[in-house]
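> No letters, just coordinates:
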Ligand code: PAF
């Protein structure tokens, strides 16, 4: 496995691989890898000759009072996991090279990024789109793989790719869950034993909503109310949003729910830890 830190070297290497006719797949990450990320590597490997992963905690996607400084980091362990899971190249850029002093260019998607997480994290998707666009220009992948856990992020990136004509196919891999259902996330490492026990309620609540849907209920407000009620029964959990949106456009579903097209997405504070989850009805 190769580890590349310089932007020029990564770009030159990708150009050379493409000249050799190799298909490049790419999994951008912020590190502190867990089974969710590793499942993205599996999808990436199936899709290409060379799999590139990046590890970079992107300051541009954190708000001023968010957890950039505390965000968990474990580069050595991450590199070992990448090695074990057959990643060919890990791109480890330096903050000073990606965002040098005087950096002033950003990429904003202005529609799908507005609802859901866009309300409580107003600069998050600008930061994500900017870094992903930069990484695409450096890594030059044919295919890039994202996780369904960040469903809105995946939809926003798809739209950016379409709008800006990036020659990249976007794949979205299913959510990987802990045995009790909690969606895997690097931020789960912030949870203490009691918070961890209560956090599972978020997925259980989504399942209660799905149960209503599976039993024939098509009233979106009733389904959302059931989810909110189940989450709010736990003192530690505070709903940031629970919404039903079209999974591609992120537009609210108000009436007719088309099978397989409704994304029920939520963000919840578990004490001071912000968790997100979703499922598709
Ligand atoms: O999903 C993530 O880990 C990040 O938002 C990403 C896509 C790596 C951009 O920093």
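Noted; the coordinates are in hand. Since we're looking at a predicted model, the values are computed, not measured.
> Residues touching the top helix by length along the chain, excluding its own?
Longest among the helix segments of the chain by residue count, using DSSP state H, is helix 193-214. If you take CB atoms under 8 Å, 6 or more residues apart in numbering as the criterion, helix 193-214 is touched by 177-178, 180-183, 188, 191, 222-224, 226-228, 230-231, 233-234, 236-237, 257, 264, 266, 268, 270-271, 273, 275, 277-279, 281. C-betas here are computed from N, CA, C, even on glycine.
> any chance you could map the helices in the chain?
Under DSSP H, the chain gives helices at 7-19, 35-46, 75-84, 95-98, 117-120, 124-139, 151-163, 193-214, 220-232.
> In the stretch 51-200 of the chain, which residue sits closest to the ligand?
residue 58 (3.9 Å; CB to the nearest ligand atom).
> touching the ligand at all, stretch 117-128?
Yes - shown here: stretch 117-128 in contact with the ligand (CB under 6 Å from any ligand atom) through residue 128.
> hang on, the earlier thing: give me the subset of the contacts of helix 193-214 that lies in strands.
With strands taken from DSSP state E, the overlap with those comprises 237, 264, 266, 268, 270, 273, 275, 277-279.
> is it possible to export these to TSV including neighbour count and distance to residue 21?
Converted to TSV, the ones in strands among the contacts of helix 193-214 look like this (neighbours: other CB atoms under 10 Å; distance: CB to CB, whole Å):
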residue	neighbour count	distance to residue 21
237	20	51
264	26	43
266	24	44
268	25	47
270	25	48
273	19	46
275	22	43
277	23	40
278	24	38
279	19	40
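> Go through those residues and name the one nearest residue 64.
residue 273 (18.3 Å; CB to CB).
> about what we covered before: in JSON lines, list the helices of the chain along with mean pLDDT.
JSON lines is the format used below for the helices of the chain (pLDDT from 0 to 100):
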{"stretch": "helix 7-19", "mean pLDDT": "98"}
{"stretch": "helix 35-46", "mean pLDDT": "98"}
{"stretch": "helix 75-84", "mean pLDDT": "98"}
{"stretch": "helix 95-98", "mean pLDDT": "98"}
{"stretch": "helix 117-120", "mean pLDDT": "98"}
{"stretch": "helix 124-139", "mean pLDDT": "98"}
{"stretch": "helix 151-163", "mean pLDDT": "98"}
{"stretch": "helix 193-214", "mean pLDDT": "98"}
{"stretch": "helix 220-232", "mean pLDDT": "97"}
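> got the ones you listed as TSV, with mean neighbour count columns?
TSV is the format used below for the helices of the chain (neighbours: other CB atoms under 10 Å):
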stretch	mean neighbour count
helix 7-19	15
helix 35-46	20
helix 75-84	16
helix 95-98	13
helix 117-120	17
helix 124-139	22
helix 151-163	21
helix 193-214	18
helix 220-232	18
